[in-house]
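Engineer: build me a model:
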Amino acid sequence: MAGKHDPQPAQECRDRAEFLIALVAGLALTITALLLAIQLTGNLAGSRDFVSYWATGRQLVQHANPYDRNAVSALEHASGLDVRAVLIMRNPPWALPLAYPLGFLGLRVAAILWSLILLACLLLSVRIARQLYGSPPNRLHWLALSFTPALICLTMGQTALFALLGLVLFLRWHQHRPWLAGAALWLCALKPHLFLPFAAALAAWIVFSRAWKLAAGAAAALALSSAVASLIDPHAWLDYTRLMRSPSVENEFIPCLASAVRQWIDPQATWLQYLPAALCCIWALLYFWRRRAIWDWRTHGNLLMLVSLVAAPYCWFYDQCLAIPALLDGAYATRSRNLLAVLALAILVMDVEMVCGVRVTSPLYLWTAPAWLAWYLLATARTRTTERVKE
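Structural biologist: Numbers count the residues shown, from 1 in each chain. Here you go, the predicted structure:
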């Protein structure tokens, strides 16, 4: 009979958990590879979200309005996008220099190049995130490589993977290379609405820590990209403002909690969509202030990022790839193989939804962002208990 401290059951549990992780990761990566191969080798390059960035680049090259709904939709539909859809690049104008070079390329060449860059962002982000937590000799980082929001981001050609790279570069460089860390935040600024509570705590930390070099790096990157955008298109900011105030944008349902709350209470009250983020910004300032003496962006920043995703005024399912550093932190911190299995099963559920054709606009994805936050809180409960003792 096995003794009370026999390591065999624990080893079997670890083996089962790692087998499940390998199974889920293999399934997800195989599906993604097939989808990308079909899209990029067939005539479907224009059927994914990437076409909006390519059409924006085309408009910029032709000195036309990159936010012109009719002109952009004509380019997209001619490239193979469903005639019922219109995809407009909603990133702030300082992101226009990212799309501008695409306008000089054919659609398929641009799509292949864009996909390779996004793939590099994902691989590099996971590698850096793993290094942040000591590069443990296990396969838990496979969960990050197979994280469904990241893979959907890759197959659709969305820019959230750039923001993920900016986030992990900031986490890696903020102590020893503050100027570069600040410049890396430009990638996060491609989707600023996803970082509101995170940004509130960051601003407080910069002032408290006098991290002026980091602030200077961020300001320089934003100023330079904004200047380039203005040179490319002098009317970019005015046209962008008109787009974001248009009814087609303000009244669109997005499967996130803030949008769902607004639709439930009063669909016409736009301010309701920003209320959760505003309240969480206040919480973020208090969270930072209480921990300012022991603040560590590699741990405290993860909770801020997850709360930012839950409270974001609009957050698509694929934007949740920004949860990867937090999930890796939780996976390395927890001793519970059951929790790891739960995470793997959650990813498997998302894979099933993707294979079954559940659209990213579906309310069936409302559970995901709160699920990552809840899972992280459970996985790091022991760490937070130790932190409270230090306080």
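
Engineer: and stretch 310-325, how far out from the chain middle?
Structural biologist: 5 Å (Cα atoms, centre = their mean, to the nearest Å).

Engineer: repeat for stretch 112-127
Structural biologist: Centre-to-centre, stretch 112-127 and its host chain are 13 Å apart (Cα atoms, centre = their mean).

Engineer: could you do stretch 332-340 as well?
Structural biologist: 23 Å.

Engineer: ends of it, what's the gap?
Structural biologist: 10 Å (Cα to Cα, to the nearest Å).

Engineer: any idea how far stretch 209-218 is from the chain center?
Structural biologist: 23 Å.

Engineer: just stretch 90-110 next, same as before
Structural biologist: 19 Å.

Engineer: buried ones in that stretch?
Structural biologist: 90-100, 102-103, 105, 107-108, 110 (16 or more other Cβ atoms under 10 Å). (Each C-beta comes from the backbone N, C-alpha and C, glycine too.)

Engineer: flag every buried residue along stretch 211-224.
Structural biologist: Buried residues in stretch 211-224 (16+ other Cβ under 10 Å): Ala211, Leu214, Ala215, Gly217, Ala218, Ala221, Leu222.

Engineer: count of residues packed around Trp205?
Structural biologist: The local packing of Trp205 (other Cβ atoms under 10 Å) involves 20 other residues.

Engineer: would you quantify the distance from it to Ser146?
Structural biologist: 32 Å (Cβ to Cβ, to the nearest Å).

Engineer: where in the stretch 251-391 of the chain is pLDDT low?
Structural biologist: By pLDDT under 70, the low-scoring segments of the stretch 251-391 of the chain are 382-391.

Engineer: now the helices for it?
Structural biologist: With DSSP state H, counting those that start in this stretch as the criterion, the stretch 251-391 of the chain has helices at 257-265, 275-290, 297-311, 324-333, 337-355, 368-379, 381-390.

Engineer: the longest one: how far from the chain's middle?
Structural biologist: Here the centre of helix 337-355 is set off from its chain's centre by 18 Å, with Cα atoms, centre = their mean.

Engineer: next, the angle helix 324-333 makes with that helix.
Structural biologist: Orientation check (axes from the mean of the first three to the mean of the last three Cα atoms, to 10 degrees): helix 337-355 against helix 324-333 gives 150 degrees.

Engineer: from the contact counts, what lies against helix 337-355?
Structural biologist: Applying 3 or more Cβ pairs under 8 Å, 6 or more residues apart in numbering; DSSP states H and E, one finds that helix 337-355 contacts helix 8-41, helix 141-145, helix 148-156, helix 324-333, helix 368-379.

Engineer: just the buried positions in that helix, please.
Structural biologist: Neighbour-count burial for helix 337-355, counted by 16+ other Cβ under 10 Å, picks out 337, 339-341, 343-344, 346-348, 350-351, 353-354.

Engineer: between these, which sits nearest Trp264?
Structural biologist: Of all those, Trp264 sits closest to Glu353, with 22.6 Å by Cβ to Cβ.

Engineer: the closest one reaches Pro363, doesn't it?
Structural biologist: No: Glu353 lies out of contact with Pro363 (Cβ atoms under 8 Å); the separation is 11.7 Å.

Engineer: pLDDT wise, what is the residue lying closest to Ala236 once chain neighbours are set aside at?
Structural biologist: Using Cβ to Cβ, 6 or more residues apart in numbering and skipping residues adjacent in sequence, the residue nearest Ala236 is Pro93, 4.0 Å away. The model reports Pro93 with a pLDDT of 94.

Engineer: begin at 14 from here
Structural biologist: Fine by me, first position is 14 from now on; the one you just mentioned is Pro106.

Engineer: hmm, Pro106 is touching Val241, no?
Structural biologist: No: shown here, Pro106 and Val241 do not form a contact pair, counting by Cβ under 8 Å, at 9.8 Å.

Engineer: can you tell me the SS state at Leu182?
Structural biologist: helix (DSSP: H, G, I helix; E, B strand; the rest coil).

Engineer: other residues contacting stretch 247-265?
Structural biologist: Contacting residues not belonging to stretch 247-265 are listed as 78-82, 101, 103, 105-106, 109, 242-243, 246, 280, 283 [Cβ atoms under 8 Å, 6 or more residues apart in numbering].

Engineer: these: which two are farthest apart?
Structural biologist: Using Cβ to Cβ, those reach their maximum pairwise distance at Ser243 and Pro280, which is 35.3 Å.
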